[in-house]
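> could you look at this predicted model? Sequence included:
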Amino acid sequence: DEDVIAEYEARMGNSESIPEIHARHILLETEDKAREVIALLDAGGDFAKLASAHSTGPSSAQGGDLGYFGKGQMVPECEQAAFALENGMYTKEPVKTQFGYHIILLEDSRETAKPSFASLRQEILQELKIKAAHDFVNKIKAEAEIQRYDLNGNPLASSDQ
């Protein structure tokens, strides 16, 4: 229980609420195309319509709507850019990730109640059990001499195979 409590406090911190934002994004393959779409937005273009028309991301059918999310739920570059925006503002520069170039619109921000310890206790306990089992197996493997065999019972040349 002490480990579960410590993990809960590490995740949730001392605050009573958690910030969440509601964002939309337009995912594009090139920086040039992203800049073209930003120019369309600057000229008064509708973000959702431009997302539907130009975005290569799966949320394009919903006008780029990502819904509400908290920190740690999006790729770091997008999360950082989105949380830095003010409601109703979009990124004036494309945000590069491994998926391409994003234009992000912050629709809303809110504070949600921190999940109670009771509601997360089982989830945290399960994660700690899995981690303990992995750590135990890795410790045993590191200390053991392991010989692997092929399907015919012949030893393999290297224990890494």
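Structure's in. What do you need?

> where does the chain dip in pLDDT?
158-161 (pLDDT under 70).

> mind checking the longest strand of it?
Ranked by residue count and defined by DSSP state E, the top strand of the chain is strand 100-113.

> show me what that one is in contact with.
Strand 100-113 has contacts (Cβ atoms under 8 Å, 6 or more residues apart in numbering) with 16-31, 33-34, 37-38, 41, 47, 56, 64, 68, 70, 77-78, 81-82, 85-91, 94-96. Any C-beta I mention is one placed from the backbone N, CA and C, and that applies to glycine too.

> give the next helix or strand downstream of that strand.
Heading C-terminal from strand 100-113, the first helix or strand you meet, by DSSP states H and E, is helix 117-143.

> would you indicate which residues of the longest strand of the chain are buried?
Buried residues in strand 100-113, counted by 16 or more other Cβ atoms under 10 Å: 100-107, 109.

> swap in stretch 7-23?
7-8, 20-23.

> also stretch 28-36?
Applying 16+ other Cβ under 10 Å to stretch 28-36 flags 28, 33-35 as buried.

> for stretch 46-64, same thing?
Buried residues in stretch 46-64, counted by 16+ other Cβ under 10 Å: 47-48, 50-52, 54-55, 57, 59-60, 63-64.
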